[in-house]
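> Everything below, folded, please.
(chains A and B)
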Amino acid sequence: MKESNFYSDDFEQLIRDKTEQYKMYPSENVWRGVHNSLHTKRKWFIGSMSVLVTGILFLAGRELIAPTVHPIAPRKIAPVAASTADLSKAITPENVFHAPLAAYRAAAPVNRHGPDAGYAAAALDPVYRGIDITISNPVLSQSDLSAWLSQVVKLPEHAPDLAVVETKNALAEQWRAAEDGHGQDVTRAVGELAAVHHDVSGESVGKDDNGVDAGGVSSRFDRPVGRTTDRSAGQLQKTRALAGMVSGKDVTDATGATTKADAAAIAEADDIQRINWLRDYAMNILPQSSKRGRTFLQLSISPTLNYRTLNGVDPQMEKFGMTNSGTLTPAPGLGFAVGGSVLYRLTRNLSVKAGLQFNFIRYQIGTYTINNSQSTAYLTQLGWTMDSAQMNRARMSNPNAAPPSKTVVTLDNDYYQLSAPIGFELRVLGNERLQLHVGATVQPSYLLSTSGYMPTEDYTEYNKQPGMFRKWNLSGGAEAFLTYRMGNIRWQVGPEFRYQFFSSYMSKYPVTGDQYPFTENLRSYGIKIGIVKPLP
Amino acid sequence: MTEEAILQGCLKNEAAAQRELYNRYSPKMLAVCYRFAHNREDGEDMLQEGFIKVFSQMHTFQNKGAFEGWIRRIIVHTCINNLKKNKRFNESLDIVHAHGVQVREESVPSIVQAKQIVECIRVLPIGYRTVLNLYAIEGYSHREIADMLDIEESTSRSQYTRAKQMLEEILIRKKILTKPREKSDWLVAMR
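The predicted structure is shown next:
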């Protein structure tokens, strides 16, 4: 038993030892799955950005390929107030340009049955005078017109709708009378009545076949139209007689037209009344006159990728491998620019701007550190008084040849600048909502601070000496961006490029006046994101 | 990177630290999963699920024991939970006395040492294999195994006994063990 236990324990131990030695290396997919599960924020960020960019591109493509024809979107027709009191409340000077077609003027408490009713109404609301309606579809049929009118024009409850019905009835009476030998004037009257439909359908907003102006015709239906007519005196007389006959209560009373009108006649009369109502009270949807200012505030931020160009390297040095490609390994660094500008719109497409901008520029250099003071002496000989305590040195040498004892370091070269971009923006494409702009600026800049390294003349070391950096400089910028208007604010996004015209370093040593051989020009590539807001 | 630094980085959800931890322990843990799983793909699925649990429950780790042991426990429990979802696994656990279980000898590869033994273990029926893995290799008691697998403690014991016998037979047939009843001989053969 004891031996058996001993054997059993050893067997288990053997199995345990051997299995512990065994290792298997999982595929990369396992780690990807783990990583993706743990870093869902990153996944969401990438997904959101993808959706955002796709959406922007879709909108941009749609607007650029098939731009919206009317900058002002069709406005929803507001519910018509049920009473004149409601309508009078609804109409304010602020919304007069944006209110729907059929929402106005029924509020005017005028007596539409009286002969001067229309003029009284016009006097009450002078803003509506002389405004006509335009129906865009000129091929409306009668049935379509009726349907359209019944939807668009909701007559107020207290509208004197009986007038037209009575008119129709009066005309019917006149028609009957015509059969009895009095028909000439009435026939003409009916023809003129029909001309109203003809007029509204948009085919002619002038004169009918009889040479009677539409306004003149409509005046017979108790409308306040102040147009001049050029009809003949005879026609005018007849028309006035007819108008007096069909619109006034006198006529109603005289004819005693209380008989039941057929449904078609009522419907037609209803249409006529709606047309009249539209002529009297409807407004064109007029775009609000552009009173926007010419001055805008632009705020922007740009993540940037920064590079430097080092010039003045002696070709002899390159023989020994001390070249940019061999010993110096500058790498781009991330920076940003943030600022604001004031834009002034010179023309519809051209704006000038001036502003203030803060730039953080960084690039990196891979080097090896050393511990000698050779470069200090070297620079001192050249007349530059250096504070050795402030000096940080990094040996530039070929990485392949570097002794293993030397430490590899990456130097951050940081520049903090304040610049004043002055330039222009030009709209090259787009509509009111989406536009493509290009722009350019010159940017006088002031170096606030730097932790940059500069190479020694023998091109073997980097030294940090802020006093050798040029304080004032000049840069140029170019950009192209899309803007998208959302309400009062216009968003913009697009690439930009910035180049520093003069070297980051002074051209001469301050003490001796000797020439410093190297020049460094910075350049940045960024994505500018900004908003533009009109200034009051 | 020290283990302490890795721990701190993982607690801050830093991807670099997590990757370091994964690189350090995933080979061993995949071997654990492989012994429980039906095949390598299933083992990798278990490993992935296990490491997700490891990272998400990192804050529960207390420096009272070995970090590797803590990870291993999570991985083993993940494997067991995966197996318990498998109907075949549950049925095999009901076999208390699995006499006459056929071993697919042809599936045992002729390789040596650690991998050879692991492959021999994987030849065992899944119920036997699980109990053997948990008891002989992972060091769980029969009571703990019974709780984990929702079986009786006696069942765990009997399954282990049968598993061990079967494994021994396989090892002898594969000439990994020459004289199983004589300790010195088979130890010499193995070491």
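> count of neighbours near the closest residue in space to residue A:436 that isn't next to it in sequence?
Computed as CB to CB, 6 or more residues apart in numbering or on different chains, the closest residue to residue A:436 that is not its neighbour in sequence is residue A:429, at 4.0 Å. From N, CA and C alone the C-beta is placed, and that goes for glycine too. By other CB atoms under 10 Å in any protein chain shown, the residues close to residue A:429 number 14.
> Extract the C-alpha trace of the host helix or strand of residue A:429 and format it as CSV.
Using DSSP states H and E, residue A:429 sits in strand A:422-430. As requested, C-alpha coordinates have been extracted for strand A:422-430 and formatted as CSV (Å, rounded to 0.1, in the frame of the first residue of the first chain):
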residue,chain,number,x,y,z
ILE,A,422,-3.2,87.6,-41.9
GLY,A,423,-4.7,86.4,-45.2
PHE,A,424,-7.7,85.6,-47.2
GLU,A,425,-10.2,83.0,-47.8
LEU,A,426,-11.8,82.3,-51.2
ARG,A,427,-15.0,80.3,-51.7
VAL,A,428,-14.5,78.2,-54.8
LEU,A,429,-17.4,75.9,-54.8
GLY,A,430,-20.7,75.2,-53.0
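> Check which helices and strands that strand is in contact with.
helix A:40-65, strand A:350-368, strand A:434-450 (3 or more CB pairs under 8 Å, 6 or more residues apart in numbering or on different chains; DSSP states H and E).
> one step back: quick check, the residue nearest to residue A:436 in contact with residue A:438.
No: the pair residue A:429 / residue A:438 is not scored as a contact, 9.6 Å apart, by CB atoms under 8 Å.
> give the contact list for residue B:40.
Remark: with contacts taken as CB atoms under 8 Å, 6 or more residues apart in numbering or on different chains, residue B:40 is in contact with A:24, B:34.
> That one and residue B:23, how far apart?
Residue B:40 sits 19 Å away from residue B:23 when distances are taken as CB to CB, to the nearest Å.
> what does residue A:416 give?
If you measure residue A:416 against residue B:23 using CB to CB, the figure is 39 Å.
> More neighbours: which of the two?
For residue A:416 versus residue B:23, neighbours defined as other CB under 10 Å are more numerous around residue A:416 (16 against 11).
> can you confirm the more buried one is in a strand?
Yes: secondary structure of residue A:416, determined by DSSP: H, G, I helix; E, B strand; the rest coil: located in a strand.
> Name whatever forms a beta bridge with it.
residue A:360, residue A:449 (DSSP bridges).
> right, and it touches residue A:445 too?
No: with contact defined as CB under 8 Å, residue A:416 and residue A:445 do not form a contacting pair (10.4 Å).
> Can you list the low-confidence ranges for the stretch 201-350 of chain A?
A:201-261, A:282-292, A:313-330 (pLDDT under 70).
> swap that for chain B, sorry
Judged by pLDDT under 70, the stretches of chain B that qualify are B:87-113, B:178-191.
> could you redo the last one with a cut-off of 90?
Of all residues in chain B, those with pLDDT under 90 make up the ranges B:1-17, B:37-39, B:56-68, B:82-129, B:136-139, B:148-152, B:159, B:162, B:164-191.
> Please enumerate the helices of it.
Listed in chain order, the helices of chain B (DSSP state H) span residues B:3-11, B:15-36, B:40-56, B:67-84, B:87-93, B:113-123, B:126-132, B:142-149, B:153-173, B:183-190.
> Doesn't residue A:536 belong to a helix?
No: when three-state DSSP is applied, residue A:536 is found to be coil, with no helix at that position.
> Could I get the pLDDT score of it?
Here the pLDDT value assigned to residue A:536 is 77.
> which element is the closest residue to it other than its chain neighbours on?
Take residue A:536 and drop its neighbours on the chain: the residue closest to it by CB to CB, 6+ apart is residue A:293, 7.1 Å away. Using DSSP H and E, residue A:293 sits in no helix or strand.
> what about residue A:293, how many neighbours?
Counted with other CB under 10 Å, the burial measure for residue A:293 works out to 10 neighbours.
> Correct me if wrong: it contacts residue A:535.
Yes: taking CB under 8 Å as the contact criterion, residue A:293 and residue A:535 are neighbours in contact, 6.2 Å apart.
> so what's the residue of the stretch 151-300 of chain A found nearest chain B up against?
Proximity of the stretch 151-300 of chain A to chain B (CB to the nearest CB) peaks at residue A:300, 31.3 Å away. The contact partners of residue A:300, taken as CB under 8 Å, 6+ apart, are A:337-341, A:492, A:528-531.
> same thing with residue A:418?
Under the criterion of CB under 8 Å, 6+ apart, the contact list for residue A:418 reads A:356-359, A:445-446, A:448.
> Could you do residue A:528 as well?
The neighbours of residue A:528, taking CB under 8 Å, 6+ apart as the test, are A:300-302, A:337, A:479, A:481, A:492-496.
> go on, residue A:59?
Contacts of residue A:59 were listed using CB under 8 Å, 6+ apart, and they are A:434, A:484.
> Distance check, it against residue A:297.
The spacing between residue A:59 and residue A:297, counted by CB to CB, is 24 Å.
> next one: residue B:170
Counting by CB to CB, the separation of residue B:170 from residue A:297 is 82 Å.
> Between these two, tell me which one has more neighbours.
Here residue B:170 and residue A:297 are set side by side on neighbour count (other CB under 10 Å), and the busier one is residue B:170, at 21 against 14.
> Hmm, that one is touching residue B:125, no?
No: Residue B:170 lies out of contact with residue B:125 (CB under 8 Å); the separation is 11.8 Å.
> which stretch in the helices and strands packed on strand A:422-430 has the least confidence?
Comparing the helices and strands packed on strand A:422-430 by mean pLDDT, the weakest confidence falls on helix A:40-65, with a mean of 77.
> So what angle separates the directions of that one and strand A:434-450?
Computed by axes from the mean of the first three to the mean of the last three CA atoms, to 10 degrees, the angle separating helix A:40-65 from strand A:434-450 equals 130 degrees.
> Tell me what angle helix A:40-65 forms with strand A:422-430.
Relative orientation of helix A:40-65 with respect to strand A:422-430: 70 degrees, computed using the same axes, to 10 degrees.
> could you check the angle helix B:15-36 makes with helix A:40-65?
110 degrees.
> what ranges do the strands span in the stretch 251-400 of chain A?
For the stretch 251-400 of chain A, the strands identified by DSSP state E, counting those that start in this stretch occupy A:295-311, A:329-345, A:350-368, A:393-395, in order along the chain.
> and residue A:518, which of the helices of chain B is closest to it?
Counting by CB to CB, residue A:518 lies closest to helix B:15-36 out of the helices of chain B; the figure is 36.5 Å.
> and that closest one, what does it pack onto?
Under the contact criterion of 3+ CB pairs under 8 Å, 6+ apart, helix B:15-36 touches helix A:2-21, helix A:28-38, helix B:3-11, helix B:40-56, helix B:67-84, helix B:113-123, helix B:126-132.
> can we see that at 7 Å?
Packing partners of helix B:15-36 (3 or more CB pairs under 7 Å, 6 or more residues apart in numbering or on different chains; DSSP states H and E): helix A:28-38, helix B:3-11, helix B:40-56, helix B:67-84, helix B:113-123.
> Against which helices or strands is the first one packed?
Taking 3+ CB pairs under 7 Å, 6+ apart as the contact definition, the neighbouring helices and strands of helix A:28-38 are helix B:15-36, helix B:40-56.
> Which residues of chain B lie near chain A?
Neighbours of chain A within chain B, by CB under 7 Å from any CB of the partner chain: B:13, B:15, B:18-19, B:22, B:26-28, B:30-31, B:34-35, B:44, B:47-48, B:51-52, B:55, B:113-115, B:117-118, B:136-137, B:183, B:190.
> Tell me the residue of the stretch 301-450 of chain A that sits nearest chain B?
Of all residues in the stretch 301-450 of chain A, residue A:410 sits closest to chain B, with a separation of 16.7 Å (CB to the nearest CB).
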